[in-house]
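1. requesting a structural model of the entry that follows:
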Amino acid sequence: MLSEPNDIVALPKPKNPNSRWMTLDEHGNLISEARTPDEAIKLAKLKTENFTVLFIPKEGTTYIF
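-> Numbering: from 1, shown residues only. I've put the predicted structure just below:
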C-alpha cells in the first residue's frame with residue numbers, strides 16, 4: 001500500500017551524531033535540515049504543506065531521484 005502525502009512511514013534510530021533529516025519541496029529544493037525529524041518537519045510546515053522527509057545517515061550520502 002502506498003502512503004498518503006505527509007505520512008511518516010518509518011523513522012530510523014540514528015547512532016551517528018552527524019546524521020541529519022532534510023525536507024524537500026515538490027521540485028526537489030531543500031526546505032529544511034535538522035538533527036531530528038520533528039525539527040525538520042516543523043520548519044518545513046512553516047513554508048509549505050507538501051514536502052518529502054529524507055534521513056541522511058552520514059555525511060557524504062547521496063540520493064538520486
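
2. show me the helices in the chain, by range?
-> Ranges of helices in the chain, per DSSP state H, are 37-47.

3. now do the helix-or-strand element of it with minimal mean pLDDT and helix 37-47, the angle between them.
-> The weakest-scoring helix or strand in the chain, judged by mean pLDDT, DSSP states H and E, is strand 52-56 (a mean of 85). Here the directions of strand 52-56 and helix 37-47 differ by 150 degrees (axes from the mean of the first three to the mean of the last three CA atoms, to 10 degrees).

4. which residues of the protein score low on pLDDT?
-> For the chain, the stretches with pLDDT under 70 are 1-14, 60-65.

5. now do the strands in it.
-> 20-24, 30-34, 52-56 (DSSP state E).

6. residues near the nearest residue to Asn16 once chain neighbours are set aside, how many?
-> Nearest residue to Asn16, sequence neighbours excluded (CB to CB, 6 or more residues apart in numbering): Lys58, at 5.3 Å. C-beta here means a position set from N, CA and C on the backbone, and glycine is covered the same way. When neighbours are defined as other CB atoms under 10 Å, Lys58 has 11 of them.

7. would you confirm that Lys58 contacts Arg20?
-> No - using CB atoms under 8 Å, Lys58 and Arg20 do not qualify as a contacting pair, with a distance of 9.1 Å.
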